[in-house]
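1. Mind looking at a prediction? Sequence and model below.
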Amino acid sequence: RWSKFPPVSAEEAKRAAARAAAELVEDGMTVGLGTGSTVAHLLPALAERGLELRCVATSPATERQARELGLPVEPFEQLDRFDIAIDGADQIAPDGWLVKGGGGAHTREKIVAAAADRFVVIADESKLVERLGAPVPLELLAYGLRATLRALGSAQVREGAPPSPDGGVIADYRGPIPDDPAELAARLEADPGGAGHGLFPPALGSEVLI
Ligand code: 5RP
């Protein structure tokens, strides 16, 4: 079970986790930059360090903020791995499963995490859960969308969510999550209309900084 932390505001906690993660980055590293309000604290902490880095961003919002801060961002075309990737999470279970994608960037985030030697998750305490629950973010192909939603069952397009930078439709699975989330992950991956889902397995090797 998770033990409880002394009370600090969520923003302070996010900033503290982000600053700790920024300290893990060393000169010359290739860095995958996640997405979200916790990563928004990481970017200035990283920029302040003045290191020589090669960065890839998982979303246009992260790319924009990183560039404004003077962090060099390149497309994910010249690199085939990262020394480190740092990202937030929506839910963190004690066994290392994560739910990500509150910002709709989970497909890119998972590709970047999988390509990283070290994947570090930064979060405030509110993200710790005893058990994963709905919603699980999805990215679906627009082609055949209604058929995909029908086949998935408990899934709905996320109202107001823009398409992903890769043209995917952002949706949420709202059905039950089995005791072993791998069963749901396998079911979601088996659907031909799915481009990605927000269940991140412990095999991604996440280190969690709360
Ligand atoms: C975006 C994500 C985010 O990392 C996740 O939603 C956490 O965001 P925040 O740091 O704002 O709580 O997966 O797709």
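-> The structure has been received and is ready for your questions.

2. Around the ligand, pick out the residues from this structure.
-> Residues of the chain lying close to the ligand (C-beta under 6 Å from any ligand atom) are 34-38, 87-90, 100-106, 109. In this view, the C-beta of every residue, glycine as well, is placed from N, C-alpha and C.

3. can you tell me which of those residues are in strands?
-> Of the residues of the chain next to the ligand, the ones assigned to strands by DSSP state E are residue 87.

4. And the longest helix along the chain, what's buried?
-> For the chain, the longest helix by residue count, based on DSSP state H, is helix 10-22. Residues 13-19, 21-22 are the ones in helix 10-22 that count as buried (16 or more other C-beta atoms under 10 Å).

5. Contacts made by stretch 15-32 with the rest, please.
-> If you take C-beta atoms under 8 Å, 6 or more residues apart in numbering as the criterion, stretch 15-32 is touched by 8, 38-39, 41-42, 45-46, 48-49, 51-56, 58, 79, 81-87, 112-113, 115-116, 118, 120, 122-124, 209-210.

6. From residue 209, how far off is the closest residue to residue 38 other than its chain neighbours?
-> Closest residue to residue 38 in three dimensions, ignoring its sequence neighbours and counting by C-beta to C-beta, 6 or more residues apart in numbering: residue 88, at 3.8 Å. Per C-beta to C-beta, to the nearest Å, residue 88 is found 11 Å from residue 209.

7. got the residue ranges for the helices in this structure?
-> Counting by DSSP H, the chain has helices at residues 10-22, 39-48, 60-68, 106-114, 145-152, 181-190.

8. Among the ones you listed, which comes closest to residue 161?
-> Closest to residue 161 of those is helix 106-114 (C-beta to C-beta; 11.8 Å).
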